[in-house]
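[1] Below: sequence and its predicted model.
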Amino acid sequence: MTPGDRTPAPVPAAPAPLPASGGARVGIDVGGTFTDFVLALPGGGTAHHKEPSTPADPALAVARGLAAVVAAAGLRPGDLAGITHGTTIGLNAIIQRRGARIALAVTEGYRDILEIGRSRMPSSFDLHAAKEEPLVPRDRIVEIPARLGPDGAALRSPSDAELARAAEELAATGADAVAAVVLHGHTDPAFEADVAARLGALLPGMPVVSSAAVWPEVREYERTLVACLNAYIQPLMSRYFDRLEELLAELGVRAPVHITASNGGSLSLASARARPIETVLSGPAAGVTAAARLGAAAGVDRIVTFDMGGTSSDIAVTVGGEAELATHTTIGGLPLILPVVAVGAIGAGGGSVVRVDAHGVLKVGPESAGADPGPVAYGRGGERPTVTDCYLATGVIDPGAFLGGRMRLDAAAALEALEPVAAGIGAGQGREAAERAADGALRIATAGMAVELQKTLAQRGLDPGDFTLVPFGGAGPTHAAVLADEVGIGDILVPASAATLCALGAAGADLRRDFARSLRRPLDEAVAARVREVLAGLAAEARAWLAEQDGAPAADPVISLSADLSYVGQAFELRVPLGAGEDAAALLDAPALAEALHAEHERLYGFRDTGAPVRVGTVRLAITAPRPGVAAGEVAHGSGEPVARGRRPVLVRGERVQARVYDRAALLAGQALAGPAVVEQDDTTVLIPPGWSATVDRAGNLRLRARTTA
């Protein structure tokens, strides 16, 4: 049976009728195992749905799930006011190297720019490390006689005949798309854009992408990669967007569609078609943004998000209700210099395969069973046990309560699949041995996650004990407490809609785009004047972009200014905030810019060097158009300890305990419960181990605290 033939899971009845409204919005997050939906109504209230993903045709699961969640709320697809959709299709294409066949047009003498890169191996200390294969092989790279100087002066402009020759060579490569890169193209994006347009006119049907039009920042290799990656995924993403529009039209959807972006915001479908590289980390970014808002509403200032889905687990750090942004990250082993929410992968997901290697060592991941065939317990043909199978074997997950009972799991099959694992590590045979192997696999997965989480916080000089863990994703709440114990976090905030938090973040995602322009000049009054001029140009460009977005709010947008500054001679730059609004740019003279660097340097490193000259690197501007947030519901108040609906044995870190089982929908605000306990809801299971307690707040969030902490 193919994914396209699968019958969708039955739609549960809404717990309470939701009022029909033309202002209803839907947030969607496409995952490897499930596609999540959150329907938000302007009068308050949400409906949630999880649809099995269809990897062969991802838009099919989107259409099925959208119809289901809208029908459950008593609405029609035509009633929707907006749809915001996060996807990892582009990211997966980059990681798996299954994007388009692309070519590169580059300045003469720089044909080997991708081969040379930064001349760094993945590991400087691994004598057997191999370099990453370049995204574009050398035989599909064509040199063009176009070059700018570091000051933006045109040193070589190609003639029509020279471009015609280059176009012939590019056409001969059989490429689907072309990236055009001119040396120092960031200094005059219009020059490079003109070269790309002239090439495009000679190559009908073959899109030509200008690197400076995608991201005009210094560093030729990284800027070239951004352009190549954009071209690499553009045909694939365009086909997906076409298919999505086709299916939504068949449903009768008339609302504008937005795509969540890697910076935590969203952009129109037209913008996403032109710049799909901005969407590669869209799903995880939306979840972090939603978690930051949730933490701020709950009075939590410092949080670590923990997103554990079907394939992997990701973390991010937020302070003061703002998600941390990074301007340099890596995807699929390739550097990316676009601003993205700083999300780091730290370990396995629910579908990660449990195995024994050739040396008899128990391993978890990185291979995942995904949606097809999925964990053994799903009964879809999977034969290798996964983390989800381990949850079943240890009693944490009830096979009859998965997805609210709509999808019954086969615990016996999970245990049977774990028996060879138990034998492989010398744990013995039979059910008990399989349970011990499952517990061992979960502890190994936890240890690996803990190492990565502690490293992430240590690199920022942060103490885990100062943070609250916010878990989400289908498996995040299940694994959160044992991970928190391992790293020394004593406070956990489990969202009411934890398993669909990325979709919730998408539903409330603001329109946002980042703009940048590199200067790379020592600071003086002339350069300060240039900074003000560039910021004014970026602001005009940003407002023009916002005017093109479907459904842009009428209210004034928020404009944030920053710059990468350094002391002359430093090998790195600091991203320094410069204020908000276009009026702030007018105040940026040379002393103000220098003081901004001094203050940030002192904050981070404890000192300032007022006698050192300052260098201006890249000037940045972000425009954000706030959209209506998703109104949080309130839970009725209760008192005393809630009534458990039963008990069951659970194996937690080698200890078999009798855990009380609670229905999360029946928990009331103010009620408290003590571990060991299991709280079940339609889309996830929350484990409260021995030594932990939990309370329910007014928004329905579950607050877990280690009883040994103050």
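    Good, I have the coordinates. Residues are numbered from 1 along each chain as shown.

[2] and the helix or strand bottoming out on mean pLDDT in the chain, how far out from the chain's middle?
    Lowest by mean pLDDT, DSSP states H and E among the helices and strands of the chain is strand 344-348, with a mean of 78. Put simply, strand 344-348 sits 12 Å off its chain's centre (C-alpha atoms, centre = their mean, to the nearest Å).

[3] Could you do stretch 690-697 as well?
    Using C-alpha atoms, centre = their mean, the offset of stretch 690-697 from its chain centre is 29 Å.

[4] same deal with stretch 213-222?
    Distance, centroid of stretch 213-222 to centroid of chain: 22 Å (C-alpha atoms, centre = their mean).

[5] end to end, how far does that stretch reach?
    Using C-alpha to C-alpha, to the nearest Å, one end of stretch 213-222 lies 14 Å from the other.

[6] for the record, mean pLDDT for it?
    Averaged over stretch 213-222, pLDDT sits at 91.

[7] what does that stretch contact?
    110, 113-114, 116-118, 181, 183-186, 189, 192-193, 196, 223, 226-227, 230, 275, 277, 328, 335-338, 516-518, 520, 617-618 (C-beta atoms under 8 Å, 6 or more residues apart in numbering). For the C-beta atoms, the positions are set from N, CA and C on the backbone; glycine is no exception.

[8] repeat that for 7 Å
    113, 117-118, 183, 186, 189, 193, 223, 226-227, 230, 275, 277, 335, 337-338, 516-518, 520, 618 (C-beta atoms under 7 Å, 6 or more residues apart in numbering).

[9] ranges for the helices of the stretch 201-350 of the chain?
    In the stretch 201-350 of the chain, the helices defined using DSSP state H, counting those that start in this stretch lie at 211-214, 220-251, 269-274, 282-297.

[10] And the stretch 351-500 of the chain, by the same measure?
    For the stretch 351-500 of the chain, applying DSSP H, counting those that start in this stretch gives helices covering 387-393, 411-424, 431-459, 476-487.

[11] Name the stretch among those helices that sits most buried.
    Among these, the stretch with the highest mean neighbour count (mean count of other C-beta atoms under 10 Å) is helix 387-393, at a mean of 29.

[12] so what secondary structure elements neighbour that helix?
    Packing contacts for helix 387-393, counted by 3 or more C-beta pairs under 7 Å, 6 or more residues apart in numbering; DSSP states H and E, involve strand 352-356, helix 411-424, helix 431-459.

[13] can you give me how far that helix is from the chain middle?
    25 Å.

[14] Same check on stretch 529-548?
    27 Å.

[15] Contacts only, for the most centrally placed residue in the chain.
    With distances taken as C-alpha atoms, centre = their mean, the residue of the chain nearest its centroid is Pro284 (2.4 Å). Taking C-beta under 7 Å, 6+ apart as the criterion, Pro284 is in contact with Asp307, Asp314, Val343.

[16] Note down every partner strand of the least confident helix or strand of the chain and its orientation.
    Looking at strand 344-348 with DSSP bridges, its partner strands are strand 312-319 (antiparallel).

[17] who's in contact with the partner strand?
    So strand 312-319 is contacted by 284, 288, 291-292, 295, 301-307, 323-324, 341-349, 449, 453, 456, 460 (C-beta under 7 Å, 6+ apart).

[18] filter those residues to the buried ones?
    284, 288, 291-292, 295, 303-307, 323, 341-349, 449, 453, 456 (16 or more other C-beta atoms under 10 Å).

[19] so where's the stretch 401-550 of the chain uncertain?
    Counting by pLDDT under 70, the stretch 401-550 of the chain shows low-confidence ranges at 405.

[20] do the same with the chain
    1-22, 32, 119-124, 371, 405, 554, 631-632, 708-710.

[21] domains of it?
    3-94+238-279, 98-233, 511-625, 646-705 (automatic domain parsing).

[22] what are the ranges of the strands in the stretch 551-700 of the chain?
    558-567, 574-580, 614-625, 646-652, 655-663, 672-674, 677-680, 685-688, 692-696 (DSSP state E, counting those that start in this stretch).

[23] and the fourth one with strand 655-663, angle?
    In this case it means strand 646-652. Put simply, strand 646-652 runs at 140 degrees to strand 655-663, going by axes from the mean of the first three to the mean of the last three C-alpha atoms, to 10 degrees.
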